[in-house]
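Participant: one predicted model, sequence on top.
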Amino acid sequence: MVTTMTNSVDTQSQSTRTWFITGASSGIGLALAVRAAERGDNVIAIARRAEGLTQLTEKYGNQVLAVSADVANINQLQSAVNAGVERFGRIDFVANNAGYGVFGAVEEATDAQVRAIFDTNVHGVLNVLRATLPTLRAQKSGHVLQGSSYFGQMAHAGVGMIAATKFAVEGLTEALFGELDPLGIKVTLIEPGLTATSFLANLDHVETIADYDQTVREVLKTIGGLPPTAFNGAERVVDAIIAATEATTAPHRIATGSAAVQDIRTALVARIAELDEWTPVSNAVDGTN
């Protein structure tokens, strides 16, 4: 009897994949959940408020398991994993997507604001990993999609707190590459540029200091003045994510949008140029005498 059940799950997993998606009620997370369900896959859709997921359950029925869970709460996430595995038998993709932004100068962000964004964007990412990786390790398969940003590779005035969390996610994910690859688990960082979602509308803003008006506030004005064509559609970002999951060799990173590619390239080239310029001084440190 046990063998028959196992074979049934294995057969299903070969034809139908299961996605665990946080932040699934809006933006890229929602677009990814819709795409997965339209492809015939199963979706464990996670959002802080389950009512935001009714559009998925009403359209796709039993293909979607909607779970109300806060990524800051490891117990809620573990319950979501348990419920998902009980219904679908396995997890093939973990889209670690939940997050939000704080806009303002680094000095302007309060301690409470900084701790809150790290709780969601960094500790939440870690909680999702802690909850899902035991299942992926037991399967010896799976693909973790880490929601980063082009601000995980560069930053400018006003986005220090967003960049700080995304740089942290990129750093811990660099370690995951080497830790999970021998276990049969792929990992990819998703680095979207400006995307047409509610992210900007939901930014947490700081109390301003006049000295930063010439930098931070000017950046905000520039972003606010961008035409709609400067923002990529969430569905197109999902196209890139799906391409990464279907590649024979999964990329460690994939940026979405030409502006993101250019900004990341500019930042990396400048970093390498400065590293080269200061290499003689850096190398002179070698030795103890």
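Facilitator: Thanks, I have it. Just so we're clear, the structure is a prediction, and the values are computed from it rather than from any experiment. Numbers count the residues shown, from 1 in each chain.

Participant: report the buried residues of stretch 138-150.
Facilitator: Within stretch 138-150, the residues that qualify as buried are 139, 142-150, counting by 16 or more other C-beta atoms under 10 Å. No exception for glycine: its C-beta is placed from N, CA and C like everyone else's.

Participant: and the helix or strand encompassing residue 263, what does it pack onto?
Facilitator: Counting by DSSP states H and E, the element that carries residue 263 is helix 258-277. In this structure, helix 258-277 packs against strand 185-192, with contacts taken as 3 or more C-beta pairs under 8 Å, 6 or more residues apart in numbering; DSSP states H and E.

Participant: and the helix or strand that comes right after the strand it packs on, how far from the chain's centre?
Facilitator: Remark: after strand 185-192, the chain's next helix or strand is strand 204-205, criterion DSSP H and E. For strand 204-205, the distance between its averaged C-alpha position and the chain's averaged C-alpha position is 20 Å (C-alpha atoms, centre = their mean, to the nearest Å).

Participant: contacts for the helix or strand following strand 204-205?
Facilitator: Sequence-wise, the next helix or strand beyond strand 204-205 is helix 218-224, with elements assigned using DSSP H and E. Here helix 218-224 makes contact (C-beta atoms under 8 Å, 6 or more residues apart in numbering) with 103, 156-159, 194, 200.

Participant: pLDDT below threshold where in the chain?
Facilitator: Screening the chain residue by residue with the criterion pLDDT under 70, one finds the ranges 1-15.

Participant: which stretches in it count as strands?
Facilitator: Along the chain, the segments classed as strands by DSSP state E run 18-21, 42-47, 64-68, 93-96, 102-103, 142-147, 185-192, 204-205, 253-256.

Participant: give me the sheet partners of the longest one and which way each runs.
Facilitator: This points to strand 185-192. Based on DSSP bridges, the strands next to strand 185-192 in the sheet, each with its direction, are strand 142-147 (parallel), strand 253-256 (parallel).

Participant: any chance of those in TSV, plus distance to residue 65?
Facilitator: Rendered in TSV, the data for these read as follows (distance: least, C-beta to C-beta, whole Å):
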stretch	distance to residue 65
strand 142-147	17
strand 253-256	27
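
Participant: nearest to residue 77 among those strands would be which one?
Facilitator: Minimum separation from residue 77 across these (C-beta to C-beta) falls at strand 142-147, 14.1 Å.

Participant: in terms of contact, does residue 96 touch residue 28 like I think?
Facilitator: No - contact status for residue 96 versus residue 28: not in contact, 11.5 Å apart, counting by C-beta atoms under 8 Å.

Participant: need the residues touching each of these two.
Facilitator: Counting by C-beta under 8 Å, 6+ apart, the residues touching both residue 96 and residue 28 are residue 147.

Participant: any idea how far stretch 241-257 is from the chain center?
Facilitator: How far stretch 241-257 lies from its chain's middle: 13 Å, per C-alpha atoms, centre = their mean.

Participant: for stretch 185-200, same thing?
Facilitator: On the basis of C-alpha atoms, centre = their mean, the separation between the geometric centre of stretch 185-200 and that of its chain is 6 Å.

Participant: output it as PDB, nothing but the C-alphas.
Facilitator: Output in PDB follows, covering the C-alpha atoms of stretch 185-200 (Å, rounded to 0.1, in the frame of the first residue of the first chain):
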ATOM      1  CA  ILE A 185      19.300  21.800  -5.700                       C
ATOM      2  CA  LYS A 186      19.600  24.700  -8.100                       C
ATOM      3  CA  VAL A 187      19.700  28.300  -7.000                       C
ATOM      4  CA  THR A 188      19.000  31.500  -9.000                       C
ATOM      5  CA  LEU A 189      19.000  35.100  -8.000                       C
ATOM      6  CA  ILE A 190      16.300  37.100  -9.800                       C
ATOM      7  CA  GLU A 191      17.300  40.800 -10.200                       C
ATOM      8  CA  PRO A 192      14.400  42.800 -11.600                       C
ATOM      9  CA  GLY A 193      14.800  46.400 -12.700                       C
ATOM     10  CA  LEU A 194      11.900  48.800 -12.500                       C
ATOM     11  CA  THR A 195       8.700  46.700 -12.800                       C
ATOM     12  CA  ALA A 196       5.100  47.800 -13.100                       C
ATOM     13  CA  THR A 197       3.800  46.500  -9.800                       C
ATOM     14  CA  SER A 198       2.600  48.100  -6.600                       C
ATOM     15  CA  PHE A 199       6.100  48.100  -5.100                       C
ATOM     16  CA  LEU A 200       6.700  51.800  -5.500                       C
END
